[in-house]
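*Asks:* Turn this into a structure:
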Amino acid sequence: MINKLRNKGILFLLLIMLSNVVFGQIDTIRFNKAYFKKYWIDTKGIVTSPARWQQRDWVKLGILITGTASLTLADQSVADFFQSHQNKTETYISANFLEHFGAEHSILLMSGIFTYGILAKNKRSVSTALLALESFALASLVTRIPKTLAGRQRPDNWQGDGPYTFKGPFNGTSFPSGHTTASFAVASVIATQYRDIKWIPVAAYSVASLAGISRIYDNKHWLSDVVAGAVIGTVVGNFVSHRSSDSKLSVIPFGNSNYQGVKLSYIW
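*Replies:* Numbers count the residues shown, from 1 in each chain. Modelled structure (predicted):
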């Protein structure tokens, strides 16, 4: 099983965390009219960014899509593995703690960071919370488009049709994972803002990864759903934190004798 997961790119999800991006910390975001205007500006930026891509950017996107698609080959075996290796403690933690980082717990975390920032007069914390909230909102919106159009059936579908069942618009909500998207959208902002404190990026991405894995463990999503959600969340989070008209998508093939996959990064 382990060798199969390696060969089919299970480490793709983890490689997202190794992005070679260098950003500057933002501590100037405030809860005002300019902040809400940023939502509109960034939304337009996300929608229109493909118009600024060059040929090589489309090629890189193609590699990214191909890499994610290849993971569907492992979807059923990964689902079977998790469903056959469960216990009560892990099930409780997954359903009652990790899963909620796609919604309630992420909101509580952002609220806590914002409250601390206000009380401690820490501008970085206030900016981080507001950026994370925007990333959470926009990533959730972006995810809704493929989720609605693809119509992929979830692994717990009572008909048991398997990972290749796509019934079209409004007929399925499995691809991509919204919980994973939201978790990585928040984690990517926190990791970028606090990258000078080594344990914070590790903790942020670790929790986001566990939240994504919980969706597979709970049999709510396929592996490829989770990876796609992680990619979307990370890209949107980085875009929100460091937007400029010269943003570039970089998808770098990665491989050695044991692992194959791709590494995703955005360069501003």
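
*Asks:* residues touching Ser111, list them.
*Replies:* Listed by CB atoms under 8 Å, 6 or more residues apart in numbering, the contact set of Ser111 reads Ala129. Placement of C-beta: from N, CA and C, glycine included.

*Asks:* Any stretches of this structure with poor pLDDT?
*Replies:* Counting by pLDDT under 70, the chain has low-confidence residues at 1-25, 158, 160, 243-268.

*Asks:* Which single helix of it contains the most residues?
*Replies:* Counting residues, the longest helix found in the chain (DSSP state H) is helix 123-150.

*Asks:* which strands and helices sit next to that helix?
*Replies:* Counting contacts by 3 or more CB pairs under 8 Å, 6 or more residues apart in numbering; DSSP states H and E, helix 123-150 packs against helix 33-48, helix 104-120, helix 178-193, helix 223-241.

*Asks:* so how far is it from its chain's centroid?
*Replies:* In this view, helix 123-150 has its centroid 10 Å away from the chain centroid, taken as CA atoms, centre = their mean, to the nearest Å.

*Asks:* same check, this time on stretch 32-52
*Replies:* Relative to its chain's centre, stretch 32-52 lies at 19 Å (CA atoms, centre = their mean).

*Asks:* Pull out the buried positions in it.
*Replies:* For stretch 32-52, the buried set under the neighbour-count rule, 16 or more other CB atoms under 10 Å, comprises Lys38, Asp42, Gly45, Ile46, Ser49.

*Asks:* Likewise for stretch 216-229?
*Replies:* By neighbour count with 16+ other CB under 10 Å, stretch 216-229 contains the buried residues 216-218, 220-229.

*Asks:* where does Pro169 fall, phi/psi-wise?
*Replies:* Per-residue torsions, Pro169: phi -50, psi 130 (degrees, to the nearest 10).

*Asks:* which non-adjacent residue is nearest it?
*Replies:* Residue nearest to Pro169 in three dimensions, not counting chain neighbours: Leu149, with 5.3 Å by CB to CB, 6 or more residues apart in numbering.

*Asks:* Give me the distance between the one you found and Ile26.
*Replies:* Relative to Ile26, Leu149 is positioned 33 Å away (CB to CB, to the nearest Å).

*Asks:* How about Phe97?
*Replies:* Distance from Phe97 to Ile26, by CB to CB: 30 Å.

*Asks:* Compare neighbour counts for the two and give me the winner.
*Replies:* Ile26 (18 against 14; other CB atoms under 10 Å).

*Asks:* what sits against that one?
*Replies:* Ile26 sits next to Arg124, Ser127, Leu131, Gln193, Ser241, His242 when contact means CB under 8 Å, 6+ apart.

*Asks:* let's see it at 10 Å
*Replies:* Lys123, Arg124, Ser127, Thr128, Leu130, Leu131, Val189, Thr192, Gln193, Val240, Ser241, His242 (CB atoms under 10 Å, 6 or more residues apart in numbering).

*Asks:* can you count the residues close to the second one?
*Replies:* Pointing back at Arg124 there. When neighbours are counted by other CB under 10 Å, Arg124 registers 16.

*Asks:* Grab the nearest non-local neighbour of the residue nearest to the spatial centre of the chain.
*Replies:* The centroid of the chain falls nearest to Ala230 when counting by CA atoms, centre = their mean (2.4 Å). Nearest residue to Ala230 in three dimensions, chain neighbours excluded: Phe184, at 4.8 Å (CB to CB, 6+ apart).

*Asks:* What's the separation between the one you found and Asn171?
*Replies:* Distance of Phe184 to Asn171, given as CB to CB: 26 Å.

*Asks:* and if you look at Thr165?
*Replies:* Counting by CB to CB, the separation of Thr165 from Asn171 is 10 Å.

*Asks:* can you check Thr68 too?
*Replies:* To Asn171, Thr68 is 21 Å away according to CB to CB.

*Asks:* Just want to know which of Phe184 and Asn171 has more residues nearby.
*Replies:* With neighbours defined as other CB under 10 Å, Phe184 and Asn171 compare such that Phe184 has more, 35 against 13.

*Asks:* Pretty sure that one sits against Ser209.
*Replies:* Yes. Counting by CB atoms under 10 Å, Phe184 touches Ser209, with 8.4 Å between them.

*Asks:* Tell me which residues of the helix or strand containing Ala208 come out buried.
*Replies:* Using DSSP states H and E, Ala208 sits in helix 199-217. Neighbour-count burial for helix 199-217 flags 201, 204-205, 207-217 (criterion: 16+ other CB under 10 Å).
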